[in-house]
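Undergrad: Coordinates for the following, if possible.
(chains A and B)
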Amino acid sequence: MDKSAVATILDEMGTLLELQGANPYKSRAFHNAARSVEAITESIETLVSEDRLQEVKGIGSSIGSIIKDLVTSGKSSEYESLRSSLPAGLLEMLKIEGLGPKRIKLLYDELHIDSIASLEKAAREDKLAKIKGLGEKSQEKILAGIGALRQRSGKTLFSTAERLAAGIMEYLRKQKGVQKLEVAGSLRRKKEVVGDIDLLAVVELKNRTTVMKAFTGNPSVERVLGQGETKSSVLLTEGIQCDLRLVEEDEFPFALQYFTGSKEHNVELRTRARKMGWSLNEYGFTPIEGNKGSKGGKKHPPKCSDEEAIYRSLGLSYVEPELREANGEIESAEKGTLPELIDVKDLRGTFHCHTTYSDGLHTLEQMAHAAKALGWEYLGIADHSKVAAYAHGLSKADVLRQFKEIDALNAKAGVHLFKGTECDILPNGDLDWPATMLAEFDYVVVSVHSSFKMSEKEMTARIIKGLKQKNVTMLGHPTGRLLLSRDAYPVSMTDVLKAASDYGKMIEINAYPNRLDLDWRLCRPARDAGIMIAINPDAHRIEDLSYTRFGVNVARKGWLKASDVLNTRSLKGVDAALHGTVERSHDKRKQR
DNA sequence: GCCGTTTTCGGCCCGACTGTTTTCAGTCG
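TA: Modelled structure (predicted):
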């Protein structure tokens, strides 16, 4: 069993212990151990075989022996007995917002509620409100939580769908006769959530049946919804539908364009084709009645061997899938003013990274090495400020200690570390660091981590007050952290962008695979207002650094060019950009 | 269950918010 499977089980054991009402520190020990296991850099098999598990902080003799069992045999009697002690439905119930282990245990003990279904029934029968410790409001909240949970099922995060699609495609590519295979649909457009996975393939005629069988029989399939000669649909075990369509070689570009969508984009495209005397569908162009060319005969479109040719035939420059949302892209394509979108390979570093100084999992040095391994020139460190106690916010002494370590690391060649901070914007709009301290950093990210329930007006005022302070560089997670289950905090982005523009500040866009990021909505207005964007993963672990690629998706959907983004600048360029927005730097540096 | 410059027992992060109470438990970040 591999590292992350072990971590998942330890985490589940921690949760089960919470549900059992065990010593909270015991359950926390399991959660901590799970995190530690996830963060192990060397092979877990090696650690087990060399009996060195307990060298890992957070793993003692008990959990160590569980891990040993899991790694060597794939099983653990402790895990099995813990699992069988409680109904599986209780774990499901944890997904309901506002319902934690204590209440789930209470409900289980009092009313034998052991699933979301029985919970809903009891709530509708007004039984929950009568339990001591609960009331009308809790009951309503639980019902609302169940509703929200239902609503979001059926939609899958981009990162999940991408992973599933990659697995199936890898499997299909091994099949005989598969000549072309591409992902289409909203997944190709990199929508933040997708409804299903659309795959498109060209397969030799004689191999079609076996390829279709391979598709419907592949290991990630839960059940087959339909199976035909050219189209099959399956439901994957992770609850998302996946369709495979087979087309002829010469239809492929048309089918790819058609099935990539969006529907609205295609409507505009087909309308345009009609005006030119052609009808457009997934198989190609066909001349329509009354179509006359210059010589009086029917005007035939050129053969299209790729999507670019289709757009060219319609007098348009190529439109990247991410832009096909009927959002002005066809007009821009006609004028030839579409931006050359930022690409992952343009990235030269990132900012807003945490380390073990606050709530990160990896050390400064580990993060620096990881950045270097990604081929980056620099990395911006931004650990939490002191008020963020839950995240081990840094004291002034911690910051000075970190500065020293950064200086030492920067002295060794490799990758440049910027001295930053993620400074809390307190509820009254003040910043968590005094002005004198803010001046010490290379850059300052300010963000909100508390009192989320303010009105939009208050929250906006709070953020703007924090953002406009001297020496503040950029706003962190501007729209809040939008998990599937949770809303962003209320804030007027128009006002915040205006303030950023007025005061010469930057805006960060976040990207994280398990987050529903709508930050792309900010990109175009930010660009138009001349605001620089930073693509930040809000990294807490080494692997988070590579999640900047999700940020690139966000930026692409927001029409950003490389030059609109801080991360694509050279070390020198970043230095200049940071100091351009932070007036103190020149003088301060000269004094040193 | 883990940990240790307070080291084999006793503490383990903490504050805001909500809904429930009448001083606090549960949830969240």
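Undergrad: How about stretch A:135-146 and DNA strand B, touching?
TA: Yes. Judged by CB under 7 Å from any atom of the strand, stretch A:135-146 and DNA strand B are in contact via A:135-139, A:141. (Glycine included, C-beta is placed from N, CA and C.)
Undergrad: Quick one: find the helix or strand in chain A with the lowest mean pLDDT.
TA: Every helix and strand in chain A was compared by mean pLDDT, DSSP states H and E; the lowest is helix A:584-591, with a mean of 37.
Undergrad: quick one on the thing from earlier: give me the buried entries from the residues of stretch A:135-146 next to DNA strand B.
TA: With burial judged by 16 or more other CB atoms under 10 Å, the buried subset of the residues of stretch A:135-146 next to DNA strand B is A:138-139, A:141.
Undergrad: Save these as JSON lines, and put in secondary structure and pLDDT too.
TA: Converted to JSON lines, those look like this (DSSP: H, G, I helix; E, B strand; the rest coil; pLDDT from 0 to 100):
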{"residue": "A:Ser138", "secondary structure": "helix", "pLDDT": "89"}
{"residue": "A:Gln139", "secondary structure": "helix", "pLDDT": "90"}
{"residue": "A:Lys141", "secondary structure": "helix", "pLDDT": "86"}
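Undergrad: And those residues, which is closest to DNA strand B?
TA: The closest of these to DNA strand B turns out to be A:Ser138 (CB to the nearest atom of the strand; 3.7 Å).
Undergrad: is it true that the closest one touches A:Lys127?
TA: No. Contact criterion CB atoms under 8 Å: A:Ser138 and A:Lys127 do not qualify, at 11.9 Å.
Undergrad: So A:Lys57 sits against A:Arg35, correct?
TA: No. Here A:Lys57 does not reach A:Arg35: they are 10.2 Å apart, not a contact under CB under 8 Å.
Undergrad: Neighbour count: these two, which is higher?
TA: Just comparing A:Lys57 and A:Arg35: by other CB atoms under 10 Å the higher neighbour count belongs to A:Arg35, 17 against 10.
Undergrad: dump the residue contacts of the more buried one.
TA: Residues counted as contacts of A:Arg35 (CB atoms under 8 Å, 6 or more residues apart in numbering) are A:7, A:58, A:361.
Undergrad: Tell me the one of these nearest A:Gly74?
TA: A:Ala7 (14.5 Å; CB to CB).
Undergrad: Show me the contact partners of the helix or strand that contains A:Asn410.
TA: Applying DSSP states H and E as the criterion places A:Asn410 in helix A:396-411. With contact meaning CB under 8 Å, 6+ apart, helix A:396-411 is reached by A:355, A:357, A:364-365, A:368, A:381, A:383, A:386, A:394, A:416-417, A:419, A:421, A:437, A:440.
Undergrad: A:Glu42 in helix, strand or coil?
TA: Counting by DSSP: H, G, I helix; E, B strand; the rest coil, the backbone at A:Glu42 sits in coil.
Undergrad: One more: A:Asp11?
TA: Secondary structure, three-state DSSP: A:Asp11 is helix.
Undergrad: who's in contact with the residue lying closest to it once chain neighbours are set aside?
TA: Leaving aside its sequence neighbours, A:Asp11 sits nearest to A:Ala34 (CB to CB, 6 or more residues apart in numbering; 3.9 Å). Listed by CB under 8 Å, 6+ apart, the contact set of A:Ala34 reads A:7-8, A:10-11, A:14.
Undergrad: if we can go back for a sec, closest to DNA strand B among the contacts of helix A:396-411?
TA: Among those, A:Lys386 lies closest to DNA strand B (CB to the nearest atom of the strand), at 10.7 Å.
Undergrad: ok, that closest one - contacts?
TA: For A:Lys386, the contacting residues are A:393-396, A:432-433, by CB under 8 Å, 6+ apart.
Undergrad: From A:Leu347, how far off is A:Ala382?
TA: Noted for A:Ala382: a distance of 17 Å to A:Leu347, by CB to CB, to the nearest Å.
Undergrad: Next: A:Ser279.
TA: Applying CB to CB, the value for A:Ser279 to A:Leu347 is 42 Å.
Undergrad: do the same with A:Thr548
TA: The spacing between A:Thr548 and A:Leu347, counted by CB to CB, is 6 Å.
Undergrad: what touches both of these two?
TA: In contact with both A:Thr548 and A:Leu347: A:535, A:567, using CB under 8 Å, 6+ apart.
Undergrad: Does A:Arg103 touch A:Ile131 like I think?
TA: No. The criterion here is CB under 8 Å, and A:Arg103 misses it with A:Ile131 at 9.1 Å.
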